[in-house]
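J.: build me a model from this:
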Amino acid sequence: MSEVLVTTAVPGEGRGRRRRRWPVGAVPVLAVLLAGTVACGGDGGGGQPPADKAGPTAAGQSPSAKTEHKSLEMKGLVALVSGNLTELVVFDETTGRTKAGAFLPQYAVPSAWRRQAFSPDWHSVVWTTKGGDLYFGEYTSGAGPNGNYGDTPVHIGGKPTYSGGKPGYTQPRFGPDGKRVYFLANNDKVYSADPKSPDDLKEEATLGSGASAQENELAWDIAASGQVEKRQAASPGRDSEVPAPDGKRTLVKNGSGWFLKETGSSAEPKFLFEHLLDYDEKPLANKSMTVDVLGWY
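T.: Below you'll find the predicted structure:
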């Protein structure tokens with residue numbers, strides 16, 4: 001399906017069931033529908049990731065509680081919900097209720113690629129830290145509808161060199177086959193690596209000077225063949241409409257709520273729900289959050 005990214009930063013709408021004690025560091029973001037803020041936990045300098053602290057998750061389970069490795073069931077409206085932490089959440093597309101979710105590590109900075117930062121089957125994710133370190137992690141299921149990404153992270157990117165210093169990375173994503181990950185280095189070159197051989201980097205392309213400094217502007221892409229291609233720098237696309245997998249319907253968000261529009265119909269879109277709801281079926285509560293919709297699956 002064609003991919004649509006919708007950022008709905010909703011001031012006053014937060015994940016009310018998150019009772020975290022970690023500090024919040026908020027930075028401004030640009031949103032289409034409403035202005036809001038997103039907070040990302042730092043890694044304290046870009047070194048090895050700190051161990052996640054135990055605390056209740058969306059369904060009241062410890063983040064470290066896990067039973068088996070499997071992927072989330074991605075059927076519905078899928079979004080990244082960011083506040084104290086970033087969570088990949090699956091919402092019911094007809095009611096707005098949360099169905100399931102998985103937290104990214106506390107120190108993770110979500111990639112500008114959004115959907116492509118997750119493998120095609122959603123089982124794995126790549127992310128960076130504020131210090132420029134790059135990690136690969138898999139989904140681990142927990143009790144109930146929750147899980148985590150990156151309980152056992154794999155560090156990717158090679159070692160520092162005498163002349164080049166410590167490498168730093170941004171804009172990580174998966175290739176079309178989900179086997180290799182691609183990322184932009186602080187020398188303005190795009191590399192790829194197999195997470196099974198995380199220090200074996202392959203140089204793919206050289207971008208213009210300063211490209212790595214523009215974390216939210218993508219000046220490269222990957223063809224179906226896996227070849228990296230340069231493109232005119234642009235921020236990830238955003239829209240207020242999310243098409244269904246079959247292309248016959250579209251979810252439309254405006255200031256009054258979420259509506260369903262039938263493709264080719266001249267009828268007014270049908271009202272579905274006013275707010276996205278948390279696990280307790282309450283509107284996302286009074287906290288500064290962003291809801292970055294990745295698509296309808």
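J.: pLDDT of stretch 269-279, averaged?
T.: For stretch 269-279, mean pLDDT is 92.
J.: can you show me the strands along the stretch 151-297 of the chain?
T.: Assigned by DSSP state E, counting those that start in this stretch, the stretch 151-297 of the chain shows strands spanning 154-156, 169-174, 181-185, 189-193, 202-206, 218-222, 228-234, 241-243, 249-254, 257-262, 270-273, 289-296.
J.: buried set for the second one?
T.: Going by neighbour count (16 or more other C-beta atoms under 10 Å), the buried part of strand 169-174 is 169, 170, 171, 172, 173, 174. Where C-beta positions appear, they are placed from N, C-alpha and C, glycine not excepted.
J.: got it, and the third one?
T.: Along strand 181-185, these residues count as buried under the neighbour rule (16+ other C-beta under 10 Å): 181, 182, 183, 184, 185.
J.: ditto for stretch 130-140
T.: By 16+ other C-beta under 10 Å, the buried positions in stretch 130-140 come out as 130, 132, 133, 134, 135, 136, 137, 138, 139, 140.
J.: cool, and stretch 254-264?
T.: In stretch 254-264, counting by 16+ other C-beta under 10 Å, buried: 258, 259, 261.
J.: ignoring the adjacent residues along the chain, who's closest to the last one?
T.: Using C-beta to C-beta, 6 or more residues apart in numbering and skipping the chain neighbours, the partner closest in space to residue 261 is residue 269 (4.1 Å).
J.: farthest-separated two in the buried residues of stretch 130-140?
T.: Farthest-apart pair in those is 132 and 140; separation 25.3 Å (C-beta to C-beta).
J.: first to last residue in stretch 113-127, what's the distance?
T.: Start-to-end span of stretch 113-127 (C-alpha to C-alpha, to the nearest Å) is 10 Å.
J.: centre of the chain to that stretch, how far?
T.: Its chain's C-alpha centre and that of stretch 113-127 lie 7 Å apart, by C-alpha atoms, centre = their mean, to the nearest Å.
J.: next one: stretch 184-198
T.: Mean C-alpha position of stretch 184-198 versus that of the full chain (C-alpha atoms, centre = their mean) differs by 19 Å.
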